[in-house]
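> Turn this into a structure:
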Amino acid sequence: MNRVAFKMKLKPGFLAEYKKRHDEIWPELSLELSKAGVTDYSIFFDEETNALFAVQKQSENSTADLLPQTEIVKKWWKYMADIMEVNPDNSPVSLPLTEVFHQN
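Have a look, this model is predicted:
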């Protein structure tokens, strides 16, 4: 199992809406993540910077790198684009994070 972490950015004032949308995550999106080998997925929020920090576990044979090609992920990105910093294709501006410490 591999752990992957990345940072995204929420537009100011949209935390409640972001949480609401994630609380209502579409079953087909959740299924697509599971099929791709993504588990134990958490997102944390830094109020000072509006940064979102995501951490997920990916199975050894994960196909998570193919998720951006699926229609449900593209639809989710479009749904979230008005409250996040996004790229021209509506994907969240995302920066990979380097793990510097882990205690098991």
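
> so where do the helices sit in this structure?
15-23, 27-35, 71-80 (DSSP state H).

> Determine the angle, from 0 to 180 degrees, between the longest one and helix 15-23.
An angle of 160 degrees separates the directions of helix 71-80 and helix 15-23 when computed by axes from the mean of the first three to the mean of the last three C-alpha atoms, to 10 degrees.

> Give me the pLDDT value at residue 85.
You'll see residue 85 listed with a pLDDT of 98.

> The closest residue to residue 78 other than its chain neighbours: what's it in contact with?
Using C-beta to C-beta, 6 or more residues apart in numbering and skipping residues adjacent in sequence, the residue nearest residue 78 is residue 90, 5.0 Å away. Quick note: C-beta positions are derived from backbone N, CA and C, even for glycine. Going by C-beta atoms under 8 Å, 6 or more residues apart in numbering, residue 90 touches 74, 77-78, 80-81.

> which of these are buried?
Among the contacts of residue 90, those buried by neighbour count (16 or more other C-beta atoms under 10 Å) are 77, 80.
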